[in-house]
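Colleague: quick one: sequence and predicted model below, then my questions.
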Amino acid sequence: MRAIKLWSAGGKRRVGGFLSLMALSTMFITGAHAEPDRSVNGEAAKSAESAILCSTTSCLQKALKNAAPGQSITLSPGTYTGSFSSDLKGTVGAPITITSQDPSQPAVLSGYAVGSGYSLRIRGDYWVIRDLKFTNAQKGILLDNSSHSLIKGVEVYNTGFEAVHFRDGSSYSTIEDSYIHDTGKTGAGYGEGVYVGSAEGGGYNQNTHYNTVRNVKFGPNITAEHIDIKERTIGTLVENCTFNGVGISGANYADSFIDVKGNQAVIRNNKGYQNNNNVIVDAFQLHEIVSGWGINNQFLNNTLYLTNPDTYVIGAYSNSSASAAGNTRNPAGNMYRGNISAQ
């Protein structure tokens with residue numbers, strides 16, 4: 001995470017920054033913490049007229065400005081070049097969907113260059129982004145103030161900085177069943193896979209809560225943390241993901257699969273492979289960047305394949321804390337350091 005070294009052992013600061021086509025079905029986006037309700041009731045498009053079929057960039061740009069709740073923007077196979085965005089909002093019963101006409105030949109949303117822009121930015125609630133590829137931009141997918149949205153079945157790669165960002169108050173949103181790799185092409189320390197929230201002083205709403213990262217394959221060649229969970233976020237859930245450590249660079253103290261600076265995150269049932277990358281000093285890290293944050297997190301039933309015996313499964317720094325249970329390290333070696341309550 002982009003940064004100024006204000007603390008030890010890996011802390012960084014970053015400033016500033018299927019639905020088969022939504023047809024005649026109901027979608028539920030659910031996270032897995034019992035306490036908050038993450039659900040989105042997604043009623044599908046009710047007729048063929050609700051689908052906007054595009055095969056050109058100009059059609060896509062127009063659709064992103066005019067789609068109504070319940071409509072599906074359906075892209076023919078091919079590459080659509082631009083820095084695409086929408087400020088439209090779906091509803092709890094009728095999200096707006098953007099998807100591929102043929103999931104076996106996903107449409108590609110390509111930015112202009114890895115040094116600038118984004119492939120897709122959404123600034124409205126209740127979206128479904130499905131069965132697409134995103135590439136060749138500084139950032140892949142940006143959810144800005146976009147809550148109750150679903151990213152599913154996407155591939156994000158060849159980005160200058162991070163691949164996916166839940167930002168500016170985006171809450172109760174999910175990315176699942178996706179593949180992220182080859183990030184940080186223009187800034188290795190900025191090349192996170194999924195970035196949740198924003199750093200102090202960035203100018204964005206940091207209350208980015210109860211987001212879910214589920215069944216995502218990370219790596220190779222993600223140059224920063226695979227998931228960075230920022231201070232002042234609550235209840236991020238990471239489950240059933242796979243982390244390939246090849247490519248984590250150590251730039252700007254990127255030296256773990258996941259870095260948690262928020263509260264009440266649950267990291268469970270994931271697998272991580274160090275793959276002889278000795279830059280990785282802890283599979284998972286916690287930091288206290290803001291007083292009272294980086295605490296009350298949980299790490300449950302994760303399996304780590306750590307080729308360096310000196311690498312820890314979890315490292316908690318400053319006053320950060322977590323509980324841990326059912327985690328496995330292969331081969332045997334260091335497990336926990338810092339304020340970790342092993343159960």
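Modeller: All right, it came through fine. Numbers count the residues shown, from 1 in each chain.
Colleague: so what's the residue nearest to the spatial centre of the chain bridging to?
Modeller: Geometric centre of the chain, nearest residue: Val194, 2.9 Å, by Cα atoms, centre = their mean. Taking DSSP bridges, one obtains Val164, Ile227 as the residues bridged to Val194.
Colleague: and it, what's its pLDDT?
Modeller: What the model reports for Val194 is a pLDDT of 98.
Colleague: quick check: the gap between it and Tyr204.
Modeller: Shown here: Val194 relative to Tyr204, a distance of 16 Å by Cβ to Cβ, to the nearest Å. For glycine as for every other residue, the C-beta is placed from the backbone atoms N, C-alpha and C.
Colleague: gap between the two ends of stretch 300-310?
Modeller: Distance between the two ends of stretch 300-310: 21 Å, counting by Cα to Cα, to the nearest Å.
Colleague: gap between the closest residue in space to Ala325 that isn't next to it in sequence and Leu64?
Modeller: In this structure, Ala325 finds its nearest non-sequential neighbour in Gln343, 4.1 Å apart by Cβ to Cβ, 6 or more residues apart in numbering. For Gln343, the distance to Leu64 equals 47 Å [Cβ to Cβ].
Colleague: which of the two has more neighbours?
Modeller: The neighbour comparison of Gln343 against Leu64 (other Cβ atoms under 10 Å) goes to Leu64, with 22 against 9.
Colleague: do you know how far the nearest residue to that one once chain neighbours are set aside is from Leu142?
Modeller: What sits nearest to Leu64 in space, not counting adjacent residues and going by Cβ to Cβ, 6+ apart, is Ser86, at 4.0 Å. The spacing between Ser86 and Leu142, counted by Cβ to Cβ, is 11 Å.
Colleague: over to Trp127?
Modeller: In terms of Cβ to Cβ, Trp127 sits 12 Å off from Leu142.
Colleague: if you count surrounding residues, which of those two has more?
Modeller: When Trp127 and Leu142 are compared for neighbours, Trp127 comes out ahead with 28 against 23, by other Cβ under 10 Å.
Colleague: who does the more buried one form a beta bridge with?
Modeller: In beta-bridge terms (that is, DSSP bridges), Trp127 pairs with Ile96.
Colleague: which residues touch it?
Modeller: Shown in contact with Trp127 (Cβ atoms under 8 Å, 6 or more residues apart in numbering): Ser86, Gly90, Pro95, Ile96, Thr97, Ile98, Ser146, Ser149, Leu150.
Colleague: equivalent analysis for His209, please.
Modeller: With Cβ under 8 Å, 6+ apart, His209 has these contacts: Pro36, Ser171, Tyr172, Thr233, Ile234, Gly235, Thr236.
Colleague: and the nearest residue to the fourth one once chain neighbours are set aside, how close does it get to Tyr172?
Modeller: Nearest non-adjacent residue to Thr233, counting by Cβ to Cβ, 6+ apart: Gly262, 3.5 Å away. Look at Gly262 and Tyr172: by Cβ to Cβ, they are 15 Å apart.
Colleague: compare those two (neighbour count), which wins?
Modeller: Gly262 (27 against 21).
Colleague: quick check: that one touching Gln206?
Modeller: No - the pair Gly262 and Gln206 does not pass the contact test of Cβ atoms under 8 Å, sitting 9.2 Å apart.
Colleague: overlap of the contact sets of those two?
Modeller: With Cβ under 8 Å, 6+ apart, Gly262 and Gln206 have common neighbours Gly197, Lys230, Glu231, Arg232, Thr233.
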